[in-house]
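[1] Just need the structure, nothing else, for what follows:
(one chain, ligands or ions: 1)
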Amino acid sequence: VRIYVPRDAAALAVGADAVARALTEECAVRGLPVELVRNGSRGLLWLEALVEVETAQGRVAYGPVSAADVPGLLDAGLLQGLPHALCHGLTEQIPYLASQERLTFARVGVIDPLSLADYAAHGGWQGLQAAATMAAETIVQQVLDSGLRGRGGAAFPAGIKWKTVAAAAGSQKYIACNADEGDSGTFADRLLMEGDPFCLIEGMAIAALAVGATQGYIYVRSEYPHAIATLKEAIARASAAGWLGGNVAGSGRAFYLQVRKGAGSYVCGEETAMLESIEGKRGIVRAKPPLPAIEGLFGQPTVINNVITLATVPVILAKGAAFYQGFGMGRSRGTLPFQIAGNIARGGLVEKAFGLSLRALVEDFGGGTATGRPVKAIQVGGPLGSYVAPADWDDPLDYETYAAKGNVVGHGGLVVHDDAANMARLARYAMEFCAIESCGKCTPCRIGSTRGVEVIDRITTNQGAAHAANVALLESLCDTMEGGSMCAMGGMTPYPVRSALTHYPQDFGIESAPAA
Ligand code: SF4
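    Below you'll find the model as predicted:
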């Protein structure tokens, strides 16, 4: 009997290793022959540790399982997939999973992440094999036609970036994968790297063939030790099997790949600061131009894409641009892995085509708050994303609809707060976060964030005559940071601050919303 227990960091954090040990020991004592597979996470994080058992009908899910539950589960017939209080029936039929559109995450949680055979058996390498027979321009055109945009947050069309690098003059070109996933409430990159590392490797190899790069780097944040270890092992196995190295997939072209561990700074997720860090320097933002596509890593043309962008490329090459383009709405094509976190009953990853609403994600998928209290605020797009106005929670989630209202989709992270949250304190937190993480290169961000903390403190502690002046000062400070900062760190910190002030004025001691 084959049993799956995730090796994903989120599952490990709630005792998956102990569950795996208990299963192995208890089955040995009972003389039950089992094959234990350590898979990635299905992304149903509230059910971790999620144990699955293979049956003739399909995989049956049990969760959340602790080591102490194991004897009782075996008594109840776990190995036969029989009912138990922790049983959720067939995994694929759990509504949270069944109603998703998993393209990028199709294999995550399904396969053994480090098994080349499992990867190939579930459609792996088909995109790279197709790309290896294509002219470089054809690969770029496929990505252009798919409508894929950068999933790291900026949403820049991936194909245009690739086309620029392909056309750039340079003796050496690079593919740099941004895996410095530092946004609060986000974990899609990590889930993919730990659950399906060959998919990212395949996407990077396709990018290399498309632009003529021979060297790639995956810049992974230091807080992801499991992802780093998994990627290193996956790169070694893919190289040994000929998917990387001197003759990628029999194409006659070379591509070598290395992992670089991040230095623990949020701003290293900004693409040019990441390049500095990969080069071994302090992670400080570079002025643009020159664009990294022209002069990037070590001064050479460089494709910089986020993990999810690159991991989406294989399915596009395998199934065609039209297939991927068929999902989504407007100029937001394909799917996005949304990540639901914070005060939420059913936190996890939901891959859906663009166009569903925030309310559907938080209520239908997330099941409302974990505390059972009303949802008060939802921050979308990480610590620099705005708190979306409650009146806009039914808007379709796509880049343009969100941008039109001053919101961002970003990396698809949602952080939910119940009605006990104080939005002035959360606005202060945004300024404090910026003050701590600022690289210090420009004044509006470096100094403005510290002044921002001070002025919010004055607003919340002084309701006297100076109150209105302090609110006006905060607005003015936000204008300066937004208009005068060199990168998104200082430029977008005003988003959560302003939206908190606008949509929740009472938390700042204001009777009604300030004039726009
Ligand atoms: Fe550095 Fe902040 Fe300026 Fe960005 S906005 S370059 S993080 S000081």
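[2] how about the residues of the protein that lie near the ligand?
    By the rule Cβ under 6 Å from any ligand atom, the part of the chain lying against the ligand is 267, 285, 438-442, 445-446, 485-487, 489-490. Using the backbone N, CA and C atoms, a C-beta is placed for each residue, glycine as well.
[3] Could you export those as TSV, including secondary structure, distance to Ala321 and neighbour count?
    Formatted as TSV, those follow (DSSP: H, G, I helix; E, B strand; the rest coil; distance: Cβ to Cβ, whole Å; neighbours: other Cβ atoms under 10 Å):
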residue	secondary structure	distance to Ala321	neighbour count
Val267	helix	34	27
Val285	coil	33	26
Ser438	coil	40	25
Cys439	coil	37	22
Gly440	coil	42	12
Lys441	coil	39	18
Cys442	coil	39	20
Cys445	helix	39	28
Arg446	helix	43	17
Ser485	coil	36	25
Met486	coil	35	20
Cys487	coil	32	21
Met489	helix	34	27
Gly490	helix	37	28
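[4] What strand or helix carries the residue nearest to Val313 when sequence neighbours are not counted?
    Once flanking residues are discounted, Val313 sits nearest to Gly203: 4.0 Å by Cβ to Cβ, 6 or more residues apart in numbering. Using DSSP states H and E, Gly203 sits within helix 197-211.
[5] Beyond that helix, next helix or strand please.
    strand 215-220.
[6] Can you give the distance of that next one from its chain's centre?
    Relative to the centre of its chain, strand 215-220 is centred 17 Å away, using Cα atoms, centre = their mean, to the nearest Å.
[7] Run through who's touching the helix or strand that comes right after that strand.
    Sequence order places helix 225-240 as the next helix or strand after strand 215-220, per DSSP H and E. For helix 225-240, the surrounding residues in contact (Cβ atoms under 8 Å, 6 or more residues apart in numbering) are 7-9, 12, 113-114, 116, 179, 189-190, 193-194, 197-198, 200-201, 218, 220, 244-245, 256-259, 261.
[8] what is the mean pLDDT for helix 225-240?
    Across helix 225-240, the average pLDDT comes to 98.
[9] Would you mind measuring from the residue nearest in space to the middle of the chain to Ala421?
    Nearest to the mean C-alpha position of the chain, by Cα atoms, centre = their mean, lies Ala188 at 3.2 Å. Per Cβ to Cβ, to the nearest Å, Ala188 is found 24 Å from Ala421.
[10] Please apply the same query to Pro83.
    39 Å.
[11] which one of these two has more residues nearby?
    Neighbours were counted for Pro83 and for Ala421 using other Cβ atoms under 10 Å; Ala421 has more, 20 against 10.
[12] The more buried one against Val375, yeah?
    No. Counting by Cβ atoms under 8 Å, Ala421 does not reach Val375; the two are 9.7 Å apart.
[13] who's in contact with the residue nearest to the centre of the chain?
    Applying Cβ under 8 Å, 6+ apart, the residues near Ala188 are 181, 307-308, 337, 339, 349, 411-412.
[14] Of these, which belong to strands?
    Mapping these onto strands (DSSP state E) picks out 337, 339, 349.
[15] The second one: neighbouring residues, count only.
    The number of residues packed near Gln339 is 28, by other Cβ under 10 Å.
[16] bridging residues for it?
    Leu349, Gly413 (DSSP bridges).
[17] dump the residue contacts of the nearest residue to Lys161 once chain neighbours are set aside.
    Ranked by Cβ to Cβ, 6+ apart and with sequence neighbours excluded, the top spatial neighbour of Lys161 is Ala293, at 5.7 Å. Taking Cβ under 8 Å, 6+ apart, we find Ala293 in contact with 161, 164-165, 168, 301-303.
[18] if we can go back for a sec, export the residues of the chain next to the ligand as JSON lines, with columns for pLDDT.
    Below are those laid out as JSON lines (pLDDT from 0 to 100):
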{"residue": "Val267", "pLDDT": "94"}
{"residue": "Val285", "pLDDT": "95"}
{"residue": "Ser438", "pLDDT": "94"}
{"residue": "Cys439", "pLDDT": "92"}
{"residue": "Gly440", "pLDDT": "93"}
{"residue": "Lys441", "pLDDT": "93"}
{"residue": "Cys442", "pLDDT": "94"}
{"residue": "Cys445", "pLDDT": "97"}
{"residue": "Arg446", "pLDDT": "96"}
{"residue": "Ser485", "pLDDT": "97"}
{"residue": "Met486", "pLDDT": "95"}
{"residue": "Cys487", "pLDDT": "95"}
{"residue": "Met489", "pLDDT": "95"}
{"residue": "Gly490", "pLDDT": "97"}
